[in-house]
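Novice: Sequence and predicted structure below; questions after.
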Amino acid sequence: MNAPSNTKILPLEHIQAGFDTLREVKQTFAQRGWFPATSGNLSLRLSADGADPLLVITASGKDKSVDTAEDFLVVDLQGKPAYPTHLKPSAETLLHTALYRRFPEVGAVFHIHTVANNLVSEWAAARGSVTFSKHELLKALQRWEEDAEIHIPIVENHANLPRLAQAMEAVIHPDVPAVLIRNHGVTVWGKSVFETKRHLEALEFLFEYQVQRWMIERL
Ligand SMILES: CSC[C@@H](O)[C@@H](O)C(=O)COP(=O)(O)O
Ligand SMILES: [Zn+2]
């Protein structure tokens, strides 16, 4: 890859390590069926000492349940490819870059569509957020206090991505590492890949719990 002169050239092994880390996450989530119909996108921040940070992000439109040599690319914080490539970054790159710009401590952003997160987002859409309380798994979201609760904001699924990114930026909060997009999916972040994965797993558990609770209550 010949990096344009205005981009800090990161060592290739550093970029490759980022690709390998994201591929591992992608494979784990694919085994759970978390990428229906090419949906979903993942990114992580490449730590570049001093220069503008760069991101590894999934390429747009790919079947994320299979691995190819064209699954990831490197973009800057404006979402532009940092090196010449024919690959297109995720259609939702602006949601990722908005989070990395707003929260410099964010190390990874994951976005998936599940039936549970779609149902919960539709059910709670009118309220603008969904609250979870009295769950042990809230500790995975750094809620350790007695009677802990968390309020996950919900935004309308604007087709125009800059509009969707604007709506997301209006509701995100440093203490709540997620936003639901109505009848679309959830975007989750954290300081590291490990923390972001923990946040996403905790939230998908809570979404699934809520859906199954509805089903039991209707028996
Ligand atoms: C094809 S349906 C899902 C997409 O529209 C989008 O919401 C999504 O999550 C994946 O887009 P992508 O551009 O592949 O990152
Ligand atoms: Zn999506």
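Specialist: Happy to help now that I have it. Computed from a prediction, not measured in an experiment: that's the story for all the values here. Ligands and ions are numbered 1, 2, ... in the order given.

Novice: roughly how far apart are Leu87 and Phe72?
Specialist: The gap separating Leu87 from Phe72 is 8 Å, by C-beta to C-beta, to the nearest Å. Just so you know, the C-beta spots here come from the backbone N, C-alpha and C atoms, and that holds for glycine as well.

Novice: before we move on, what about Lys80?
Specialist: Distance from Lys80 to Phe72, by C-beta to C-beta: 15 Å.

Novice: Report how many residues lie close to the residue nearest to Trp34 when sequence neighbours are not counted.
Specialist: Spatial nearest neighbour of Trp34, excluding adjacent residues (C-beta to C-beta, 6 or more residues apart in numbering): Ile112 at 4.6 Å. Applying other C-beta atoms under 10 Å, we find 23 residues neighbouring Ile112.

Novice: Ile112 bridge partners, please.
Specialist: Note on Ile112: beta-bridge partners by DSSP bridges are Val186.

Novice: Nearest residue to the middle of the chain?
Specialist: Of all residues in the chain, the one closest to the mean position by C-alpha atoms, centre = their mean is Phe110, 2.1 Å from it.

Novice: dump the residue contacts of that residue.
Specialist: 25, 29, 40-43, 187-189, 196-197, 200 (C-beta atoms under 8 Å, 6 or more residues apart in numbering).

Novice: Report the beta-bridge partner residues of Val56.
Specialist: Going by DSSP bridges, Val56 forms beta bridges with Leu44, Val74.

Novice: ok, it touching Leu22?
Specialist: Yes: with contact defined as C-beta atoms under 8 Å, Val56 and Leu22 form a contacting pair (5.5 Å).

Novice: Between the two, which is the more surrounded one?
Specialist: Neighbours per residue, other C-beta under 10 Å: of Val56 and Leu22, the larger number sits with Val56, 25 against 21.

Novice: what sits against that one?
Specialist: The contact partners of Val56, by C-beta under 8 Å, 6+ apart, come to 15, 18-19, 22, 43-44, 46, 72-74.

Novice: Can you check the pLDDT for it?
Specialist: Looking at Val56, its pLDDT reads 98.

Novice: thinking Ala165 is in contact with Leu94, fair?
Specialist: Yes: counting by C-beta under 8 Å, Leu94 is a contact partner of Ala165 at 4.2 Å.

Novice: residues touching Ile181, list them.
Specialist: So Ile181 contacts 121, 154-157, 164, 168, 187 (C-beta under 8 Å, 6+ apart).

Novice: And for Gly107?
Specialist: Taking C-beta under 8 Å, 6+ apart, one finds 44-45, 190-193, 195-196 in contact with Gly107.

Novice: so of the residues you listed, which ones are in strands?
Specialist: 44-45, 190 (DSSP state E).

Novice: I'd say Ile57 and Asp71 touch.
Specialist: No: between Ile57 and Asp71 there is no contact under C-beta under 8 Å: 10.0 Å.

Novice: So which of the two has more stuff around it?
Specialist: Per other C-beta under 10 Å, whichever of Ile57 and Asp71 has more neighbours is Ile57, with 26 against 19.

Novice: Can you check which residues contact both of Val56 and Leu22?
Specialist: By C-beta under 8 Å, 6+ apart, the residues touching both Val56 and Leu22 are 43-44, 72.
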